[in-house]
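*Asks:* please find the sequence and the predicted model below.
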Amino acid sequence: MNQSPPEKRDHAHDRTRDARESALSYPGHYLPTEAGPTIAFSCSEMHHRGQLMLIERMLGIVPHLTRHMQERMATASSVPAR
């Protein structure tokens, strides 16, 4: 195999180390990829939906997703088994 000169090896090593360090310190705790902004948006949306569901429960309101699940379960239990 061909060996690259030491200065090229050192430069490549420093570049990969810099990439690792920047990936580890990237805000939002996800790796910077093309899907990164989509993932960040999805995580943010789920966080806020959870906050809204918590507030609804604190106010005594049954969240819509829970209400839909209860309706599906009631419908499934009322249908006779074959």
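*Replies:* That came in fine, so what should we check first?

*Asks:* contacts and neighbour counts: CA atoms only from here.
*Replies:* OK.

*Asks:* in the longest helix seen in the chain, which residues are buried?
*Replies:* With DSSP state H setting the assignment, residue counts place helix 36-58 as the longest helix in the chain. Residues residue 53 are the ones in helix 36-58 that count as buried (16 or more other CA atoms under 10 Å).

*Asks:* give me the below-cutoff pLDDT ranges for this protein.
*Replies:* Across the chain, the ranges flagged by pLDDT under 70 are 1-33, 81-82.

*Asks:* related to what we said a few turns ago, which elements pack onto the longest helix of the chain?
*Replies:* Helices and strands touching helix 36-58, by 3 or more CA pairs under 8 Å, 6 or more residues apart in numbering; DSSP states H and E: there are none.

*Asks:* which SSE is immediately downstream of it?
*Replies:* helix 64-78 (DSSP states H and E).

*Asks:* orientation of that following helix relative to helix 36-58 in degrees?
*Replies:* Per axes from the mean of the first three to the mean of the last three CA atoms, to 10 degrees, the angle that helix 64-78 makes with helix 36-58 is 70 degrees.

*Asks:* and helix 64-78, which residues are buried?
*Replies:* For helix 64-78, a neighbour-count test (16+ other CA under 10 Å) marks nothing as buried.

*Asks:* dump that helix to PDB, keeping only the CA atoms.
*Replies:* Provided in PDB are the C-alpha atoms of helix 64-78 (Å, rounded to 0.1, in the frame of the first residue of the first chain):
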ATOM      1  CA  HIS A  64     -58.500  14.900  21.500                       C
ATOM      2  CA  LEU A  65     -56.100  12.000  20.800                       C
ATOM      3  CA  THR A  66     -57.200  10.300  24.100                       C
ATOM      4  CA  ARG A  67     -60.800  10.900  23.200                       C
ATOM      5  CA  HIS A  68     -60.400   9.400  19.700                       C
ATOM      6  CA  MET A  69     -58.700   6.300  21.200                       C
ATOM      7  CA  GLN A  70     -61.500   5.900  23.700                       C
ATOM      8  CA  GLU A  71     -64.000   6.100  20.900                       C
ATOM      9  CA  ARG A  72     -62.200   3.400  18.900                       C
ATOM     10  CA  MET A  73     -61.900   1.100  21.800                       C
ATOM     11  CA  ALA A  74     -65.600   1.500  22.600                       C
ATOM     12  CA  THR A  75     -66.500   0.700  19.000                       C
ATOM     13  CA  ALA A  76     -64.200  -2.300  18.900                       C
ATOM     14  CA  SER A  77     -65.600  -3.700  22.100                       C
ATOM     15  CA  SER A  78     -69.200  -3.300  20.900                       C
END
